[in-house]
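A.B. asks: After the sequence you'll find the predicted model.
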Amino acid sequence: MEAPKPRQKKLQWEYSVAGLASKCTTITIKHPLNLVQTRFQVNDGRLFSQFPRYNNTAHAIFTIARVEGLKGLYAGFLAGALGSTISTGLVFLYYVKAKQRHHMSSEEKYVPDLASLVEAGALVCLCNNPFSLVKTRLQLQTPLHQARPYSGLYDAFRTIKREEGFSALFRGIVPGLLMVSCVAINFTAYKELRKTIVDLKTKGSKIQHQNPDQVLNSVDYAVLGATSKVAAILPTYPFHVIRTRLQQRPDGDGIPRYRNSWHVVKETARFEGVRGFYKGITPNLLINIPVASMSFIIYENVLKLLKPAKRND
């Protein structure tokens, strides 16, 4: 009698769908604060700046809404949405594929090694960097700009390629690669904190090894998402500032304000000190704390809905 063939593992598509659902839901909410963050990051406080001065986050939002309207608050939205959606899908898909390569079940924990993180980070950065650069430049277009503004996503790509060359689309990729550590810290902290809370809730329970989906609720997911995100932001935020400053549009003479990442570090440290590397962190936290909470609530709950459907396939 022929032995039954081992059942092949199907692609765990529910992880990617859950991740994309959470990202698409939250990106619209966070974009205006992301725009304010970007403008704070590039404002180095020097005279004759082409960027407006804002007193704080609230003043920035009201000023932009009054002067530039709703369109101004959502400048660069399409580029950001495309880049974030692609990145999120790649991250979740890579994570699940890596688990499958290691022949692990969906319940087992997978902690990527350094080589895997570099591979995944390089893939995401290469795909997302052009969208990130265009989003940044569209967000920085203000009435003070002297150059002809980009009319939209396609015009920005076309103009950058014509005026600066194809390689300009990859400005800021070095700090972008370093920012991969933020994702690693975020998900590692989330998984470890999730395990800790499950252990605490099941401690002393008569039913051992309960399914985490039955132990945790939306409040737990919200706290876990917010805590793990703050743990990831604080040490990696300077990379955001460096990348944003590198991705600025060149001045009228076509010469970029900063030559490379090290030039940004030296100039920022010289004129602004440590504080310069954390410009815009207030809107960043206002974005990421509630968004991370909402994102993981949606992700975990969508995953719960999709798992039964997958078992029926």
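C.D. replies: Structure received. Numbering: from 1, shown residues only.
A.B. asks: Not counting its neighbours along the chain, what's nearest Val230?
C.D. replies: Ile289 (6.7 Å; C-beta to C-beta, 6 or more residues apart in numbering). No exception for glycine: its C-beta is placed from N, CA and C like everyone else's.
A.B. asks: Who are the contact partners of the one you found?
C.D. replies: 226, 229-230 (C-beta atoms under 8 Å, 6 or more residues apart in numbering).
A.B. asks: And for Cys127?
C.D. replies: Counting by C-beta under 8 Å, 6+ apart, Cys127 has contacts 83, 86-87, 90.
A.B. asks: What about these, which one has the most neighbours?
C.D. replies: Tallying neighbours with other C-beta atoms under 10 Å puts Gly83 at the head of those, with 22 neighbours.
A.B. asks: Where does Ile255 sit: helix, strand or coil?
C.D. replies: coil (DSSP: H, G, I helix; E, B strand; the rest coil).
A.B. asks: roughly how far apart are it and Gln248?
C.D. replies: 11 Å (C-beta to C-beta, to the nearest Å).
A.B. asks: In terms of neighbours, single out the busier of these two.
C.D. replies: Gln248 (21 against 8).
A.B. asks: which SS class is that one?
C.D. replies: coil.
A.B. asks: thinking Pro149 is in contact with Pro143, fair?
C.D. replies: No: applying C-beta atoms under 8 Å, one finds Pro149 not in contact with Pro143, separated by 9.6 Å.
A.B. asks: tell me the contacts of Pro238?
C.D. replies: Applying C-beta under 8 Å, 6+ apart, the residues contacting Pro238 are 277-278.
A.B. asks: what about it, which helix or strand?
C.D. replies: helix 218-246 (DSSP states H and E).
A.B. asks: Pull out the buried residues from that helix.
C.D. replies: By neighbour count with 16 or more other C-beta atoms under 10 Å, helix 218-246 contains the buried residues 220-222, 224-229, 231-233, 236-246.
A.B. asks: buried sites along the helix or strand that contains Phe187?
C.D. replies: Per DSSP H and E, Phe187 falls inside helix 180-202. Within helix 180-202, the residues scored as buried using 16+ other C-beta under 10 Å are 180, 182-190, 193-194, 197-198, 202.
A.B. asks: got it, and stretch 36-48?
C.D. replies: Quick answer for stretch 36-48 (16+ other C-beta under 10 Å): 36-43.
A.B. asks: Brilliant, that's me finished.
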